[in-house]
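> Can you look at this prediction? I've put the sequence above it.
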Amino acid sequence: MDFDPQLFDSSLAEAWIRAIAAAVEKERARLTELDSAIGDGDHGSNLQRGFAAVLTALEGLRPTDPGAVLTKAGTTLVSKVGGASGPLYGKAFRAIGAALPGPAGPAALADALAAGLDAVRALGKAEPGDKTIVDAWTPAVAALRDAAAAGATLPEAAAAAADAADRGARDTVPLQARKGRASYLGERSIGHQDPGATSTALLFRALADVTAA
Amino acid sequence: MKKLINTPESVLEDALAGVAAAHPELTVDIPNRVITRAARPAGPKVALISGGGSGHEPLHGGFVGTGMLDAACPGEVFTSPVPDQMLAAAKAVENGAGVVFIVKNYTGDVMNFELAAELAAEEGLEVRTVLVNDDVAVEDSTWTAGRRGTGATVLVEKTAGALAERGAGLDEVAALGERVNAASRSFAIALGAATVPAAGKPGFDLPEDEIEVGVGIHGEPGRRREKLRPARDLAAEVVETVLADHHLTPGDEVIALLNGLGATPLLELYVVYGEVAARLAAHGITVARSLVGNYVTSLDMAGFSLTLTKADTQLLELWDAPADTPALKRA
């Protein structure tokens, strides 16, 4: 290769968090609408509040590695959001951060995001098919891994992950929720896209956008 | 949306400022979002801490005081509090005898209290958690998040609070809380949805002549939708649904909580309670104590929930014990 392959470093990590904050702000109404259908309608405002707090927390932070950015983001989400999404996304970002002590290529980033998924599953005890965050996150990690194994660049691998997360989120529509508040609806949760899987898809789309920029 | 608020974002802070102004007997830490008793109990006493999303008032802040809670941690509207709040509360009220967290069974509440318990343990505090899950509308299986915690929370906070006040130990207080929860079942019917300030519109649309059967307290729709019927029929359905899950036999005594969900007049709650009492009497069940009013609300949701707790001598005595809180007082 005659060029340095792009790595996921601290400035990309910070750009990712900023892109997530912007996406959550932009899609807040849609997340609220999805959550009103099968939950309690606060997913959009909770994430918006959480990531706004994360941006504040990152001010003045001069991180030298991507892990520091993401760990700080995770800790802030746990402290500020509440509900289920705060601990779930907070623990996820802390796990991703812990797995990224330095700049990472596609394979190492896939491993870190897999650690994030493990954290979500450990805390939420959700399996694929339960109509949760896990349903978008699982295929995204798999796509990122496959792309990395096939020698894809970081932008290519992230784009594949974002597409897989989008599909995963859409595929929650016919599922009956078995975890979280939507599970209280039983069969009435069928026919609605899961708001958590949708916000996870936003997160992976933001990753694709900042790596492609 | 028509609400008495300044901005949707400031509802909780503004309400806490009001609680502080109205209740000098409470200490309200607005930045940390913790409500505690202004006067700390003398000597070692198990500290009871509860919390949950806001919008269920008077739960939980209204039950802070002698004979009930030591502290409450209000989250954003319908959003569980964060671990930092429970940790701050635990540090503020721990009084040499350990801490009991009373947690309603919702995914977010369970996670945040679990993280708080870990943090508290790291700080050397002894914590027990009592999970409240009394709502029979939710099928209790590994395929759901489990039954929701609703009206039974009031009974747990009252009786465990009374026991703690008498100097009972940490395990004893927690065990009583679990016993009261296990002896309680609830079910709710809504006539209209709640409007979360940040969402700006009702959580679900309900035609004029329809009701949601088996609703929770967070604006989530219920198990099914039916036509509105007379109060007698609705009361009967709720009593039968609760009894079907309760294993009560004729001659048993219960404590009955007929709870308004926030937008139902007391007049109507009494109409329903009269029907509930008659139906229970027909089953040979004695209502030893009753409580009718708005205790576990869901913002401006119209409707009611019924909680029946199987009573015994100890529970009745703890239920009758003195309490001095903003929302529940016993001489």
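Structure received.

> Pull the contacting residues for the nearest residue to B:Ala116 once chain neighbours are set aside.
In space, B:Ala116 comes closest to B:Met86 once its chain neighbours are excluded; the distance is 3.5 Å by CB to CB, 6 or more residues apart in numbering or on different chains. For glycine as for every other residue, the C-beta is placed from the backbone atoms N, C-alpha and C. By CB atoms under 8 Å, 6 or more residues apart in numbering or on different chains, the contact set of B:Met86 is B:Ile49, B:Gly51, B:Cys73, B:Phe101, B:Asn112, B:Phe113, B:Ala116, B:Ala117, B:Ala120.

> So B:Met86, which state does it fall into?
Assigned with DSSP: H, G, I helix; E, B strand; the rest coil, B:Met86 falls in the helix class.

> Could you check how far it is from chain A?
Using CB to the nearest CB, to the nearest Å, one gets 11 Å for the distance from B:Met86 to chain A.

> Quick one: name the residues of the stretch 101-250 of chain B near chain A.
Applying CB under 8 Å from any CB of the partner chain, one finds that the stretch 101-250 of chain B approaches chain A through B:106-108, B:111-112, B:115, B:137-139, B:143-145, B:148, B:196, B:198-199, B:201, B:203-204, B:216, B:218-221, B:223-224.

> Can you read off the pLDDT for the nearest residue to B:Thr159 once chain neighbours are set aside?
Spatially, and ignoring its direct neighbours in sequence, B:Thr159 is nearest to B:Leu318 (4.0 Å; CB to CB, 6+ apart). The predicted local confidence for B:Leu318 comes out at a pLDDT of 98.

> my read: B:Leu318 touches B:Glu165, true?
No. Under the contact definition of CB atoms under 8 Å, B:Leu318 does not touch B:Glu165, with a separation of 9.4 Å.

> How many residues are close by residue 155?
I'll assume chain A. A:Pro155: 17 surrounding residues under other CB atoms under 10 Å in any protein chain shown.

> try again with chain B
Burial measure for B:Leu155: 29 neighbouring residues, criterion other CB under 10 Å.

> can you list the residues of chain A near chain B?
Proximity of chain A to chain B (CB under 8 Å from any CB) is limited to residues A:32, A:36, A:38-42, A:45-46, A:49, A:78-88, A:123-124, A:178-186, A:188.

> got any ranges where chain A has weak pLDDT?
Across chain A, residues meeting the criterion (pLDDT under 70) sit at A:1-4.

> Just the helices from chain B, written as ranges.
Taking DSSP state H as the criterion, chain B contains helices spanning B:11-22, B:83-93, B:107-122, B:152-165, B:170-182, B:231-244, B:266-282, B:313-320.

> Same list (those helices) but as TSV, adding distance to A:Pro5.
Converted to TSV, these look like this (distance: least, CB to CB, whole Å):
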stretch	distance to A:Pro5
helix B:11-22	47
helix B:83-93	39
helix B:107-122	38
helix B:152-165	55
helix B:170-182	56
helix B:231-244	62
helix B:266-282	68
helix B:313-320	68
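
> Deepest in the core, which of those is it.
helix B:152-165 (a mean of 27; mean count of other CB atoms under 10 Å in any protein chain shown).

> how far out from the middle of the chain is it?
A distance of 11 Å separates the C-alpha centroid of helix B:152-165 from that of its chain, computed with CA atoms, centre = their mean, to the nearest Å.

> Give me the mean pLDDT for it.
Computed over helix B:152-165, the mean pLDDT rounds to 98.

> Just the pLDDT at B:Trp143, thanks.
62.

> I figured B:His23 was touching B:Asp324, is that so?
No. Using CB under 8 Å as the test, B:His23 is too far from B:Asp324 to be in contact (11.2 Å).

> Looking at those two, which one has more neighbours?
Neighbours were tallied for B:His23 and for B:Asp324 using other CB under 10 Å; the higher tally belongs to B:His23 (18 against 14).

> Contact partners for the more buried one?
Going by CB under 8 Å, 6+ apart, B:His23 touches B:Pro326.

> could you measure it against B:Lys45, distance?
Plainly put, B:His23 is 21 Å away from B:Lys45 if you go by CB to CB, to the nearest Å.

> quick one, helices of chain A?
So, for chain A - with DSSP H - the helices run A:10-26, A:28-38, A:43-58, A:66-80, A:85-98, A:106-124, A:134-149, A:154-170, A:195-212.

> can I get the ones you listed in TSV with distance to B:Leu155?
As requested, the helices of chain A are exported to TSV (distance: least, CB to CB, whole Å):
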stretch	distance to B:Leu155
helix A:10-26	39
helix A:28-38	30
helix A:43-58	30
helix A:66-80	31
helix A:85-98	28
helix A:106-124	29
helix A:134-149	35
helix A:154-170	41
helix A:195-212	32
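
> Can you point out the buried residues in stretch A:124-131?
Of the residues in stretch A:124-131, those scored as buried under the neighbour-count criterion (16 or more other CB atoms under 10 Å in any protein chain shown) are A:Gly124, A:Ala126, A:Asp130, A:Lys131.

> Let me know the pLDDT of B:Ile217.
The per-residue pLDDT reported for B:Ile217 equals 89.

> now do B:Arg223
Model confidence at B:Arg223 (pLDDT) stands at 77.

> List the residues that contact it.
Counting by CB under 8 Å, 6+ apart, B:Arg223 touches A:Tyr184, A:Leu185, A:Gly186, A:Arg188, B:Ala137, B:Val213, B:Gly214.

> Let me know the distance separating it from B:Asp14.
B:Arg223 sits 35 Å away from B:Asp14 when distances are taken as CB to CB.

> lowest-pLDDT helix or strand in chain B?
Using mean pLDDT, DSSP states H and E, strand B:224-227 stands out as the lowest-scoring helix or strand of chain B, at a mean of 92.

> which residues are in contact with that strand?
By CB under 8 Å, 6+ apart, strand B:224-227 touches A:Arg188, B:Leu206, B:Asp209, B:Glu210, B:Ile211, B:Glu212, B:Val213, B:Gly214.

> Tell me how many other residues crowd the closest residue to the third one other than its chain neighbours.
Closest residue to B:Asp209 in three dimensions, ignoring its sequence neighbours and counting by CB to CB, 6+ apart: B:Leu228, at 5.2 Å. Summarising burial for B:Leu228: neighbours were counted as other CB under 10 Å, giving 15.

> now swap in A:Val81 and tell me
There are 29 residues near A:Val81, going by other CB under 10 Å.

> tell me, how many neighbours does the residue nearest to it when sequence neighbours are not counted end up with?
Setting aside the residues directly before and after it, A:Val81 is nearest to A:Gly50 in space (CB to CB, 6+ apart), at 3.9 Å. For A:Gly50, the tally of surrounding residues (other CB under 10 Å) stands at 26.

> Spit out the contact partners of A:Gly50.
By CB under 8 Å, 6+ apart, the residues touching A:Gly50 are A:Thr76, A:Leu77, A:Lys80, A:Val81, A:Ser85, A:Gly86, A:Tyr89.

> change it to 10 Å
With contact set as CB atoms under 10 Å, 6 or more residues apart in numbering or on different chains, A:Gly50 has these partners: A:20-21, A:24, A:73, A:76-83, A:85-86, A:89-90, B:82.

> Now, of these, which are buried?
Restricting those to buried positions leaves A:20-21, A:24, A:73, A:76-83, A:85-86, A:89-90, B:82, with burial counted as 16+ other CB under 10 Å.
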